[in-house]
Structures are given as structure tokens and as C-alpha cells.
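A.B. asks: Below is the structure, and that's it, no one-letter string:
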């Protein structure tokens, strides 16, 4: 089946996103994609601001449903179950999709060996230095083409529904890292990924040092659970336990920052992010009983 004839469900999990949801939905509604070939499903996850009021304005254009189980994994799962179509695409409520995002994402499925696709993730503009550093954290090309094993970042992704039926949906015990967990389950089933550089979304990256530290902490915390659940698979791919890895990266970044005559603040941002990951990994160790920091 050619991509032009594929029907797509676009699932958007949302929680208290009154500042970003309008731009997100407007960008999805105006996609350059065949009319009637895609359906937008917005899953509210218990918003406490004006998000629901805003969503009511879009009821003629999108399907709005509610998931009481907290977390983006549970919200996406409900969207998957309620949506139809051959492909399920995902975008987060704090993202803006380029006009040709969906068509460029779905065109990759012309190759029948491809099970899941990830597009390019850039920061919204204007962007400060912290937000620009966030593009390194969300480097989809690196995640798909250079990491071993590769993984897909859910905020800009699409997957065949038949593959989800085989390997299962997102694990809703995750608050972060659920996309890595699903990616590795799909890879273990023998499927391939594809990077789509022309399928662009613009994400509201963390803009403050505090936000960057918190993002690192969450990555580190739930990263422990992902590694624990896929320990044997990681060993098969040559990935061994890397005790104190995040701590070493933190110290190395600070050292490079202090040694340079011109203070390259990118090293400072790396140190803050990896410092958060170190703390998160320590907390994750006590929570999940898997020592890999």
C-alpha cells in the first residue's frame, strides 16, 4: 500500500497545555495531507488549567477524549485504541508541526521493512542558548542512526498499527522513557527504524537551567527502569553497565568549561543536564533496584 493511501491517526497527549495547545492543533489541522486520510485524536490527561475550554473550540476538527490514568504513555495508548488507520503518528502538545510534517513522515513507510519513523526535532523560535542545547538532547538523527541500540523519540514519530498489535502498546508505568522501551521491544521483534529529516516539528524545549536540570533528572530516573527491563538486550548489543557514567560526563563537561579561555556555555549546559541524570540515576537505583549510573 502506497503512503498516499495510508490512513493515519495522529495522537496528541495533553496535560495542562493552555499555552501551547492552540498552536499545536492549528499546525495539525492545516497539514498538507490528503483530506479524510488522517484523524487527530487529543487525549486529555486531567488538565487543571484552561486546556479543556480551549479543546471545546476544536471539537468539529479533532476528537477529544479523556484518560484518567496519569502519564503520556497511558494517554497515547487510549488514542491508539480509539483511532483507526494503518499508521499511528504521535506529536506532543508542546510542539508545532511544519505544514508538510505528516506527509514527509508517512512517506517513509513506502519501504515495507520500516516499522517506525522519527522526524527532525527543532526548538521553537526565538530560542535562547538553553533551548538550543535542547536540540542536542532531542537529536533524532543520532538516536536512530548512531545509537546502539537505536530508539525513537515519541514527540515526532509514527509506527505501523500491525507492529503495535504484535509487540504491545506503551508501558504506562513510565512517565519518561516509555518511547525507548517501546522502541527496543520493536527492535527485538526484528523491525527497522527510519529517520525522516524533512518531517519537522518545533518543540518548546526547556528554557531555563532549572528546567534543564529537571529534564536530566527525569531522564536519569526512568532510564534506570528502561535499562533494567532490557538488560539482556543491551548486553547482546555490546552495551554493558556503565557505573558512574553520567557522573564522569558531568565532571568532564565542567572541566572543559573551566579550561577554555572563552567559556563555552554548551559545556556548562551539558554538565547541568548530566548532573541531573546522575542524581536521577541514583534515585532510580533505589527505586528500581538496578545499579547503572
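C.D. replies: Now that the structure is in, tell me what you want to look at. Given the structure is predicted, the values throughout are model-derived calculations rather than measurements.
A.B. asks: My read is that residue 116 contacts residue 160, right?
C.D. replies: Yes - if you go by CB atoms under 8 Å, residue 116 and residue 160 touch, sitting 7.5 Å apart. Glycine gets a C-beta too; all of them are placed from N, C-alpha and C.
A.B. asks: the more surrounded of those two?
C.D. replies: residue 116 (27 against 20; other CB atoms under 10 Å).
A.B. asks: How about the secondary structure of the more buried one?
C.D. replies: Here residue 116 is strand, with the state taken from DSSP: H, G, I helix; E, B strand; the rest coil.
A.B. asks: and it, bridged to which residues?
C.D. replies: Legend: beta-bridge partners of residue 116 under DSSP bridges are residue 159, residue 193.
A.B. asks: so who does the spatially closest residue to residue 216 that is not a sequence neighbour touch?
C.D. replies: Sequence neighbours aside, residue 276 is the residue nearest to residue 216 in space, at 2.5 Å (criterion: CB to CB, 6 or more residues apart in numbering). Residue 276 is in contact with 212-220, counting by CB atoms under 8 Å, 6 or more residues apart in numbering.
A.B. asks: do you know how far residue 166 is from residue 226?
C.D. replies: Residue 166 sits 20 Å away from residue 226, taking CB to CB, to the nearest Å as the criterion.
A.B. asks: More neighbours: those two, which one.
C.D. replies: residue 226 (25 against 13).
A.B. asks: in a helix, that's where that one is, yeah?
C.D. replies: Yes - counting by three-state DSSP, residue 226 is located in a helix.
A.B. asks: Which pLDDT does the model give it?
C.D. replies: Residue 226 carries a pLDDT value of 92.
A.B. asks: What separation do you get for the closest residue to it other than its chain neighbours and residue 31?
C.D. replies: Spatial nearest neighbour of residue 226, excluding adjacent residues (CB to CB, 6+ apart): residue 177 at 4.5 Å. Going from residue 177 to residue 31 by CB to CB gives 28 Å.
A.B. asks: the bottom helix or strand of this protein by mean pLDDT?
C.D. replies: helix 245-259 (a mean of 55; mean pLDDT, DSSP states H and E).
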